[in-house]
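Trainee: got a structure for you, letters missing:
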């Protein structure tokens, strides 16, 4: 009988010790003390972008716009070949929800014209960075790489005068964008010999200040325009106008180039910029931006 009492007492003692250990470990849990400042907090993921899909690029440009930007397209006699020229050529892509593009190239009696448009839908893989912020970062990197000239006081004065003139006078026929101002038309033509190969103004004249590569404030959330004139050996000068804009988490790039057939002929900067900006406005409207 005494042996049975001893065993029962030992079991009771062990049970008490185990209960004490269990209650003590609960108060000093590493989980509770590791991040005491985060108790009750939840991490909110950054907002997704506005756009989940992209437009069909080769169908995004209407025939009237292509007629204006690619004059040779109307000179194609064969209806089948002309329709094929209107259709353009889709850029190679592996994910049409992320990046799409289309290319056109048309020869005319006077020049070879090229047009390309690209849409890129930006997605952030960082839960703390929104799609819009990631798209803005990529846009800023492209703008920095374009190395746009710093706006000068003379450029600001010219732009102000241009706006004032356009508000007080009737627009000229065929004007397609705000850059088609009275001051721009009155300035020295962009094809003057004083213009440098890069398309920037020389001290003796050349491209007007309001036609220089610059930031655009009336297109999408962010936008800029680049204008480059290049010569290559014995070939005629080729001008390339690029417009890049961002609407929410979509980046749109338009590249419009013209190379005249005749030596000594320089594509008109204002005319090409007007056409490129007009197309950019159409695409922004179609995106709802």
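Mentor: The structure has been received and is ready for your questions. From a predicted model like this one, the values you see are computed outputs, not experimental measurements.

Trainee: What are the boundaries of the strands in the stretch 51-200 of the chain?
Mentor: For the stretch 51-200 of the chain, the strands defined by DSSP state E, counting those that start in this stretch occupy 89-90, 99-107, 111-121.

Trainee: and the last one, which strands flank it?
Mentor: Each strand pairing with strand 111-121, determined using DSSP bridges, is listed with its direction: strand 99-107 (antiparallel), strand 250-260 (antiparallel).

Trainee: and residue 89, what does it touch?
Mentor: 58, 102, 103, 104 (Cβ atoms under 8 Å, 6 or more residues apart in numbering). Where C-beta positions appear, they are placed from N, C-alpha and C, glycine not excepted.

Trainee: And the pLDDT at it?
Mentor: What the model reports as pLDDT for residue 89 is 97.

Trainee: Quick check: beta-bridge partners of it?
Mentor: residue 103.

Trainee: where does this structure dip in pLDDT?
Mentor: Residue ranges of the chain with pLDDT under 70: 1-44, 152-207, 232-234, 289.

Trainee: OK, contacts around residue 247?
Mentor: Applying Cβ under 8 Å, 6+ apart, the residues near residue 247 are 50, 51, 220, 221, 284, 287, 288, 289.

Trainee: how close does it sit to residue 54?
Mentor: 12 Å (Cβ to Cβ, to the nearest Å).

Trainee: re earlier: deepest-packed of the strands paired with strand 111-121, please.
Mentor: With neighbours defined as mean count of other Cβ atoms under 10 Å, the strands paired with strand 111-121 peak in mean count at strand 250-260, which reaches a mean of 22.

Trainee: after that strand comes which helix or strand?
Mentor: Using DSSP states H and E, the next helix or strand after strand 250-260 towards the C-terminus is helix 269-287.

Trainee: Summarise which helices and strands that next one is packed against.
Mentor: Helix 269-287 makes packing contacts with helix 63-69, strand 222-230, strand 238-247, strand 250-260 when contacts are defined by 3 or more Cβ pairs under 8 Å, 6 or more residues apart in numbering; DSSP states H and E.

Trainee: and the direction of the last one versus that of strand 222-230, what angle?
Mentor: Angular relation of strand 250-260 and strand 222-230 on a 0 to 180 degree scale: 20 degrees, by axes from the mean of the first three to the mean of the last three Cα atoms, to 10 degrees.

Trainee: Now do strand 250-260 and strand 238-247, the angle between them.
Mentor: Using the same axes, to 10 degrees: strand 250-260 against strand 238-247 is 170 degrees.

Trainee: cool, and the second one?
Mentor: With the same axes, to 10 degrees applied, the angle from strand 222-230 to strand 238-247 works out at 170 degrees.

Trainee: residues of strand 222-230 that come out buried?
Mentor: 222, 223, 224, 225, 226, 227, 228, 229 (16 or more other Cβ atoms under 10 Å).

Trainee: and what of the first one?
Mentor: Of the residues in helix 63-69, those buried by neighbour count under the rule 16+ other Cβ under 10 Å are 65, 66, 68, 69.

Trainee: Adding distance to residue 267 as columns, could you present these in JSON lines?
Mentor: Output for the buried residues of helix 63-69, formatted as JSON lines (distance: Cβ to Cβ, whole Å):
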{"residue": "65", "distance to residue 267": "18"}
{"residue": "66", "distance to residue 267": "17"}
{"residue": "68", "distance to residue 267": "14"}
{"residue": "69", "distance to residue 267": "12"}
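
Trainee: Would you point out the most distant pair within those residues?
Mentor: Pairwise distances across these (Cβ to Cβ) peak at 7.3 Å, for the pair 66 and 68.

Trainee: Give the intersection of the neighbour lists for those two.
Mentor: Counting by Cβ under 8 Å, 6+ apart, nothing touches both residue 66 and residue 68.
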